[in-house]
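Chemist: here are the coordinates; sequence isn't available:
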C-alpha cells in the first residue's frame, strides 16, 4: 500500500515540478523511479531495493505478480494513446500528408535499419537483439511531444508533423517490437516465426475492430444512449474491452485497435467527445506518471551500470540524435512543403517516450527469462536513449525554435466569447488589419457573429485541442471576454501558452479594478478602466468604436481623465507604427513609438480634444 501511494504522490509531484520549472515531465519521473528502485540500495537501511515492481513469492514483496505487470502496462498505454489519438483530425493530415506519411513509412524503415546498424557497430549487440532495440526506439514519444507543443510556440506546420508522427508511429513501433520478439524466439526454438502472417493479422484486426467499435461508440453517444455523467467511464470501459477482445482474437493487436478507434471517433465529430476527454485527460496524466516511475524502478542497478559506463552507449546516443534522425527527416520529407529550417528542426527534435520504455520493460523481461544473451541490456539501453533524447529536446527546443525561426508569428487574436463586447473589439481589430477568431459555445451569439462577418467557432472553451480541431493558427494574443470570471481564468490557465504567447488578458470584475488606475499595471486584465458590465453598457449606447487623435503620449495622458469623466471608456491605443495596445495599464507606462497616437474608445462623441 505504501509503495502504491508513493507512486501516485511522487508522480503528481514530478508533474508539478515539470510544470513549475518548464522541463519535460519524464525527467523528474525517471529520477524518482530510479531513486525508489535501483538507487534505493544507497539509502535504505538494509541496502535492498525499496520499490519492488515484480512480486517475489519468497519474500512477499512486490506489486505485480506474474504477467500482471504486462497487463497493467498494456491497458495504461492503450488508454494514453487512445486519449491522444482523439485529437487527430484527418483534415489536418491533408495539409502535411507528404511529410507525415514519409516519416511513418520511409522514415520508420530508415530509422529501423540505421539504429540496428548503429547498435551492432557501437555495442556489439547480436543482429536479432539489435533489431529489437531498434524497433523499441524507432518511435517518438507523444507523452513528451505533446507537452512540448503545449509549452512552445511552434509554427503550425512543424507542430502538426510532430504531433501526428508521435501518435501514429507508436502502434507501428509496438508492432515492430512484437515482430522482432517473435523472430528472436522463433529463431531460438528453431521454428518458423511466421512474421509476415502475424503482421497481416495484427493490422487487419486493428483496423477492422478499431473502426467498428468507433462507429458503435459514436452512435451510442450521439443517440444519447449514454448519459453525460457516464461518458468518461464509458470511454474507459470501451478501451479496456476492445484491448482485451482484440488481443484475445489476435495477440498484440490491441494497441493498434484502440489507436484506430480513437482516430475514427475524432473524425466522426461527435458533440459528446469533450465529455469523455474531460474524464480521460487527468487519468492519462496519472497513468503516464505511474508508468514512468514503475518502468525506471524496475531496472536493475548492475544492468544500468553496464550500459552507463560503456562508451559505445554514448556514441550510439549521439548517432541517433545528430546523424540518424536528421538524415531520416531530410530523406523522407524531400517532396513535402517543409522548408530547410523546418526540416532541420524536425531532424533534431525526436524524443522517445512511454511506448519505448513500456515495451522494453515487458519484452526485455521475457527475453531475460528465456536466457537470451545480452537481453538484460535492452531495458537500460532504451532508458538511456530515452532520457538522452528527452533531455536534449527539453533543453534545446526553445533555443532551436528561435534560431531556426520556426516559432509561430503570433500576430492574431483569439477571443473567448462572442457577446456584444467581444464582437465590437473584434470588428475594430479587423479594421486595423488584424486576424481575429472568436470562440463561443452559445449558438445564438455565434450566429450573430457570423452574420456580422466575423470568423467564429462554435466550440467549448474546455475543448482539449481547439487548434487542431478548428484550425486556429498563428494567434499571439488570447482575450478572455466572457461575462463569467471563472471561465475567463480557466481559459487563460488552459490556453495562454498555446494561443496567447504574446499575452493573455481577461476582463476584470469591478472589485478587482484599483481605484487608482494610473498605478494599475497587470498583464492579466484586458482593460483597467471598466469591467464587463460597463463595457456592455457603453457598447449598447455607442454607435461603434470612436477615435481621438493626439500628437504625443503626454497630450493623451493629459486629456484621459476628461474622457473618463464624460463617460468614455478607452479600449485601444494605436501608435504611428501601427502597433495596437490594449488598455491593460496606464498609457504613460506603455512602450509606444514617438509621434501621433490614436485612442479608440466606447462612449459618446467627444469634441474639443
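Modeler: Looks like it came in fine. Computed from a prediction, not measured in an experiment: that's the story for all the values here.
Chemist: hang on, isn't residue 259 packed against residue 171?
Modeler: Yes: under the criterion of CB atoms under 8 Å, residue 259 makes contact with residue 171 at 4.9 Å. In short, each C-beta sits where N, CA and C put it, glycine included.
Chemist: Just say helix, strand or coil for residue 592.
Modeler: At residue 592, secondary structure determined by DSSP: H, G, I helix; E, B strand; the rest coil is coil.
Chemist: any idea which helix or strand of this structure has the worst average confidence?
Modeler: The weakest-scoring helix or strand in the chain, judged by mean pLDDT, DSSP states H and E, is helix 466-470 (a mean of 53).
Chemist: In contact with residue 416: list those residues for me.
Modeler: Applying CB atoms under 8 Å, 6 or more residues apart in numbering to residue 416 gives the contacts 422, 438-440, 461, 478-482, 487-488, 491, 495.
Chemist: let's see 6 Å
Modeler: By CB atoms under 6 Å, 6 or more residues apart in numbering, residue 416 lies in contact with 439, 461, 480, 491.
Chemist: roughly how far apart are the third one and residue 121?
Modeler: By that I understand residue 480. 55 Å (CB to CB, to the nearest Å).
Chemist: neighbour count winner among the two?
Modeler: Under the criterion of other CB atoms under 10 Å, the comparison of residue 480 against residue 121 puts residue 480 first, with 28 against 14.
Chemist: So the more buried one is in contact with residue 506, correct?
Modeler: Yes: here residue 480 reaches residue 506: they are 4.0 Å apart, a contact under CB atoms under 6 Å.
Chemist: For residue 449, give me phi and psi.
Modeler: phi -60, psi -40 (degrees, to the nearest 10).
Chemist: That one and residue 418 touch, don't they?
Modeler: Yes: if you go by CB under 6 Å, residue 449 and residue 418 touch, sitting 4.4 Å apart.
Chemist: intersection of neighbour lists for those two?
Modeler: Common neighbours of residue 449 and residue 418 (CB under 6 Å, 6+ apart) are 438, 456.
Chemist: For stretch 566-573, buried residues please.
Modeler: Buried residues in stretch 566-573, counted by 16 or more other CB atoms under 10 Å: 567, 568, 569, 570, 571, 572, 573.
Chemist: Residue 547: which element?
Modeler: strand 546-550 (DSSP states H and E).
Chemist: What lies in contact with that strand?
Modeler: 556, 597, 598, 599, 600, 601, 609.
Chemist: A helix includes the first one, no?
Modeler: Yes: inclusion of residue 556 in a helix is indicated when three-state DSSP is applied.
Chemist: Number of residues surrounding the spatially closest residue to it that is not a sequence neighbour?
Modeler: Spatial nearest neighbour of residue 556, excluding adjacent residues (CB to CB, 6 or more residues apart in numbering): residue 550 at 4.1 Å. Counted with other CB under 10 Å, residues neighbouring residue 550 total 19.
Chemist: Dig out what residue 550 forms beta bridges with.
Modeler: Residues in a beta bridge with residue 550, per DSSP bridges, are residue 597.
Chemist: next one: phi and psi at the closest residue to residue 483 other than its chain neighbours?
Modeler: Nearest non-adjacent residue to residue 483, counting by CB to CB, 6+ apart: residue 532, 5.2 Å away. Backbone torsions of residue 532, given as degrees, to the nearest 10, read phi -60, psi -40.
Chemist: Closest to the centroid, which residue in the chain?
Modeler: Nearest to the geometric centre of the chain sits residue 146, at 2.3 Å (CA atoms, centre = their mean).
Chemist: If we go by neighbour counts, what in the helix or strand where that residue lies is buried?
Modeler: Using DSSP H and E, residue 146 sits within helix 142-151. Across helix 142-151, burial judged by 16+ other CB under 10 Å covers 142, 143, 144, 145, 146, 147, 148, 149, 151.
Chemist: Save those residues as CSV, and put in pLDDT and distance to residue 112 too.
Modeler: Shown next, in CSV, are the buried residues of helix 142-151 (pLDDT from 0 to 100; distance: CB to CB, whole Å):
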residue, pLDDT, distance to residue 112
142, 75, 19
143, 73, 21
144, 78, 20
145, 82, 19
146, 73, 24
147, 73, 26
148, 75, 24
149, 74, 25
151, 66, 30
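Chemist: Closest to residue 160 out of the residues you listed?
Modeler: Relative to residue 160, the closest of the buried residues of helix 142-151 is residue 149; by CB to CB it sits at 9.3 Å.
Chemist: tally of neighbours for the closest residue to that closest one other than its chain neighbours?
Modeler: Leaving aside its chain neighbours, residue 149 sits nearest to residue 159 (5.1 Å; criterion: CB to CB, 6+ apart). For residue 159, the neighbour count with other CB under 10 Å is 25.
Chemist: Next, find the distance separating residue 109 from residue 175.
Modeler: 13 Å.
Chemist: how about the helices in the stretch 451-600 of the chain?
Modeler: 466-470, 485-499, 532-541, 553-565 (DSSP state H, counting those that start in this stretch).
Chemist: Please convert those to CSV, extending it with distance to residue 12 and mean neighbour count.
Modeler: Converted to CSV, those look like this (distance: least, CB to CB, whole Å; neighbours: other CB atoms under 10 Å):
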stretch, distance to residue 12, mean neighbour count
helix 466-470, 26, 20
helix 485-499, 17, 19
helix 532-541, 35, 18
helix 553-565, 47, 15
